[in-house]
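**Student:** Quick one, what's the 3D model for this:
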Amino acid sequence: MHEPAPRSFAKQREDTVVSVCFATPRPNSTTFETIRKVVQTLDTTFRFREIILVVETHEREAFLPLVEEVSDVRLFLVRKGTEYYERRVIAAEEAIGDLVLIAQEDEVAAIDVLAFLERAESANAIAIASQDKRRPIKTFLSWPFVALGRLAGFAVYPSDWQSIAMPRTLLNHILAHDEPRLALRYPPRDPRLPLAGFTAETNVTSRGAFKDIGRRMQLLQTLLVFLTPIILSVVAISSTILTLVGIAYAAWIIGAVIMVDALAPGWLTTNTMLAVSAVFMGVSTLGLSLGLQHVLRQNVRDRGERVSEEVNRIDLFGKVSADLNVELESEAWAQNTTKPHGE
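**Tutor:** Numbers count the residues shown, from 1 in each chain. Sure, this is the predicted structure:
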């Protein structure tokens, strides 16, 4: 396991705000204990941190005791049935930290959180946890996802954990991606988004080959949907070729009519229909594919309100400025302008 660099976290730091996001926390004692341990670990090193929990509306009451017990916990409520990848995007968009860790509770309990964050910060890269132990069955079952991921431009590896840590600048690049849901789980193959591996020695039992089948189906569907522009481009090219073939076929028929004195009965009618059908199908499919590509390019990704409510709002920026005795210039100017001239 990677160890923090000497003196990297020697004392409580005040120059960095850390955000730890739990997109799918389960309302049970194990999850609560994991969050408490993460908070205790972070508080030994960082002065400012926040914990973001994204839960469904019916789970609100179960998490309220934890919100009251642990400071700087932000609880966001989403509609029931909000998919896993969408909840990760919501958590990442709400995070305000300089270092952001999107954590899975069972995984974060098995790794050194400080070393994981230090890995992302020191390398200025996206840190992805994984384990050395490979499972042949899982690797075999994951090959369709790996192939589709490579085709779509994502680094999809079956051994990668769901927990991911990165600096704020890299998170901004990911959130600006066309498909941030996939990018937060499997980073894009982009030179602006360097990757840093982090090997975990402890195995996580929940990462089995047959676990979370529904989530894997969501991933497969998302990959296929993201490949829509590529598929439409292939359809457009094939339709163009079909149109050209149909036109060439029609020219050959016209040449046959001119050059041949006697054609077989029905030959002209049959081949004319084939040529017309080829041209019509090619032009129609080409028009539809080009139209859909235009719509996709013009369509702005929906960023409407997905969070129904934030249960407890915290002013972390105000806390930072108060603890560090920072006075904003605008506030100082406002105070000076309100004072009487005689003072």
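**Student:** Now for the residue lying closest to residue 245 once chain neighbours are set aside: which residues touch it?
**Tutor:** In space, residue 245 comes closest to residue 278 once its chain neighbours are excluded; the distance is 6.1 Å by Cβ to Cβ, 6 or more residues apart in numbering. (Each C-beta comes from the backbone N, C-alpha and C, glycine too.) By Cβ atoms under 8 Å, 6 or more residues apart in numbering, residue 278 lies in contact with 242-243, 245-246, 249.
**Student:** Could you do residue 108 as well?
**Tutor:** Applying Cβ under 8 Å, 6+ apart, we find residue 108 in contact with 20, 34, 38, 101, 163.
**Student:** Around the nearest residue to residue 242 once chain neighbours are set aside, count how many other residues there are.
**Tutor:** Distances taken as Cβ to Cβ, 6+ apart put residue 282 closest to residue 242, at 3.6 Å, once the chain neighbours are dropped. For residue 282, the neighbour count with other Cβ atoms under 10 Å is 20.
**Student:** ok, residue 282 to residue 165 distance?
**Tutor:** 50 Å (Cβ to Cβ, to the nearest Å).
**Student:** which stretches of the stretch 151-300 of the chain aren't confidently modelled?
**Tutor:** 158-159, 204-215, 294, 296-300 (pLDDT under 70).
**Student:** what distance separates the helix or strand hosting the residue nearest to residue 245 from the centre of its chain?
**Tutor:** Using DSSP states H and E, residue 278 maps to helix 267-298. Put simply, helix 267-298 sits 37 Å off its chain's centre (Cα atoms, centre = their mean, to the nearest Å).
**Student:** Check which residues of that helix are buried.
**Tutor:** Using 16 or more other Cβ atoms under 10 Å as the test for burial, helix 267-298 gives 271, 275, 278-279, 282-283, 285-286, 289-290, 292-293.
**Student:** for stretch 30-43, same thing?
**Tutor:** Quick answer for stretch 30-43 (16+ other Cβ under 10 Å): 31-32, 34-35, 38-39, 41-42.
**Student:** so for that stretch, what's the average pLDDT?
**Tutor:** Stretch 30-43 comes out with an average pLDDT of 92.
**Student:** do stretch 60-70 as well
**Tutor:** 90.
**Student:** for stretch 90-106, same thing?
**Tutor:** 91.
**Student:** Start and end of that stretch, how far apart?
**Tutor:** End-to-end distance for stretch 90-106: 20 Å, by Cα to Cα, to the nearest Å.
**Student:** Distance from that stretch to the middle of the chain?
**Tutor:** Counting by Cα atoms, centre = their mean, stretch 90-106 comes out at 12 Å from the chain centroid.
**Student:** ok so, going back, residues contacting the residue nearest to residue 242?
**Tutor:** Taking Cβ under 8 Å, 6+ apart, we find residue 282 in contact with 239-246.
**Student:** How about residue 129?
**Tutor:** Here residue 129 is in contact with 107, 111, 116, 160-161, 163-164, 198-200 (Cβ under 8 Å, 6+ apart).
**Student:** Now with 10 Å, please.
**Tutor:** Residue 129 is in contact with 1-2, 103-104, 107-108, 110-112, 116, 119, 159-165, 197-200, 204, counting by Cβ atoms under 10 Å, 6 or more residues apart in numbering.
**Student:** Lovely, talk soon.
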